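here's my sequence, what's the structure:
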Amino acid sequence: MIVTPIKTHKVTPKKDKDLYAILDRYLPRPKEGSVVAITSKIVAICEGRVVKIDTKDKDELIKQEAEYYLPPGKNGFYLTVKYGILSASAGIDESNGNGYYILWPKDPQKTANEVRKYLAKKFRIKKVGVIITDSKITPLRWGVTGSSIVHSGFAPLNNYIGDTDIFGRELKFTKTNIMDGLGASAVMIIGEGKEQTPLALIEDVPFVRFQQRNPTQKELRQVRITMMEDDMYRALLTSVKWRKGGSSSTPF
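A predicted model of the protein is given here:
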């Protein structure tokens, strides 16, 4: 797998409003069978999903944007659920915001689908995927890693259930999360500071099963596990009293 970061100008609120202009200016022609990674931050900036820092209390903004949240601990961070994803502070970030809070995109799945169709038509390629990425925290680990908020143009999971290992033992639960694996690789290369590389091109990915269409609702549901389902962390997640935020969501 080859992951290439793509340097751009400083994408800033109020100045940049067209994501496609950024893609047209900086994205090289993807090869057939490539995945384009786009940080959620520049998607949100182009959508105007920003709030001037001195005009809104951050705690209230987090509660408004979250689907569910827990009050902050000693570190001051909220643990939240946004778009069915565990995240810190509903994804709201100040870094590289130039005096603004940057929210998560309004409808990232719609954006990923539209960008995929745009790239396929512009470059006349059939197999192209898109992920919109952000950083995430991992319990009991320092440091953030990357993940994909949404995907389009490929199967997000590789299912090994019913297959066997090298000794013939049947695999009963194993699935590989392709979308988050790609997201982690892209975000590691993109960086978290002043690298100024909010895009990445992922090539040479024979393990990715491309689809020349948007993911179906059934496929999107298959990626997620609700808190009331048989998740490994269910006991932990349901043992605390989550508070309902201002954003709509599917029930736990």
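
could you use CA atoms for every contact and neighbour count after this?
Will do.

kindly export the longest helix seen in the chain (C-alpha atoms) in CSV.
Of all segments of type helix in the chain, defined using DSSP state H, the longest is helix 108-123. What follows is the C-alpha trace of helix 108-123 in CSV, where atoms were taken according to Å, rounded to 0.1, in the frame of the first residue of the first chain:
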residue,chain,number,x,y,z
PRO,A,108,-20.3,13.5,5.5
GLN,A,109,-21.8,10.4,3.8
LYS,A,110,-23.5,12.6,1.1
THR,A,111,-20.3,14.4,0.6
ALA,A,112,-18.2,11.2,0.2
ASN,A,113,-20.8,9.9,-2.3
GLU,A,114,-20.8,13.1,-4.4
VAL,A,115,-17.0,13.4,-4.4
ARG,A,116,-16.6,9.7,-5.5
LYS,A,117,-19.0,10.3,-8.4
TYR,A,118,-17.2,13.5,-9.3
LEU,A,119,-13.8,11.9,-9.4
ALA,A,120,-15.0,8.9,-11.4
LYS,A,121,-16.5,11.2,-14.0
LYS,A,122,-13.6,13.7,-14.1
PHE,A,123,-10.8,11.1,-14.4
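
tell me what that helix is packed against?
Counting by 3 or more C-alpha pairs under 8 Å, 6 or more residues apart in numbering; DSSP states H and E, the packing neighbours recorded for helix 108-123 are strand 128-136, strand 145-152.

to the chain's geometric centre, what's the distance from the longest one?
Just to be clear, that refers to strand 128-136. Going by C-alpha atoms, centre = their mean, to the nearest Å, the spacing between the C-alpha centre of strand 128-136 and its chain's C-alpha centre is 5 Å.

same deal with the shortest one?
When distances are taken as C-alpha atoms, centre = their mean, strand 145-152 is centred 3 Å away from the chain's centroid.

who's in contact with it?
When contacts are taken as C-alpha atoms under 8 Å, 6 or more residues apart in numbering, the neighbours of strand 145-152 outside the stretch itself are 85, 108-109, 112-113, 116, 129-138, 179-188, 213-215.

now the buried members of those residues.
Neighbour counting with 16 or more other C-alpha atoms under 10 Å marks 85, 108-109, 112-113, 116, 129-137, 179-180, 182-188, 213-215 as buried within the contacts of strand 145-152.

who's in contact with Gln64?
Contacts for Gln64 (C-alpha under 8 Å, 6+ apart) come out as Gly245, Gly246, Ser247.

rewinding a little: run the chain-centre distance for the longest helix of the chain.
Its chain's C-alpha centre and that of helix 108-123 lie 15 Å apart, by C-alpha atoms, centre = their mean.

give me the angle between it and strand 145-152.
If you take axes from the mean of the first three to the mean of the last three C-alpha atoms, to 10 degrees, helix 108-123 sits at 70 degrees to strand 145-152.

tell me the mean pLDDT for helix 108-123?
For helix 108-123, mean pLDDT is 98.

ok and that helix relative to strand 128-136, angle-wise?
Using the same axes, to 10 degrees: helix 108-123 against strand 128-136 is 140 degrees.

which residues touch helix 108-123?
Around helix 108-123, the neighbours that count as contacts under C-alpha under 8 Å, 6+ apart are 29-30, 40, 125-132, 149-153, 214.

now the helices for this structure?
In the chain, helices defined by DSSP H lie at 19-26, 40-47, 58-65, 108-123, 178-190, 217-223, 234-237, listed in chain order.
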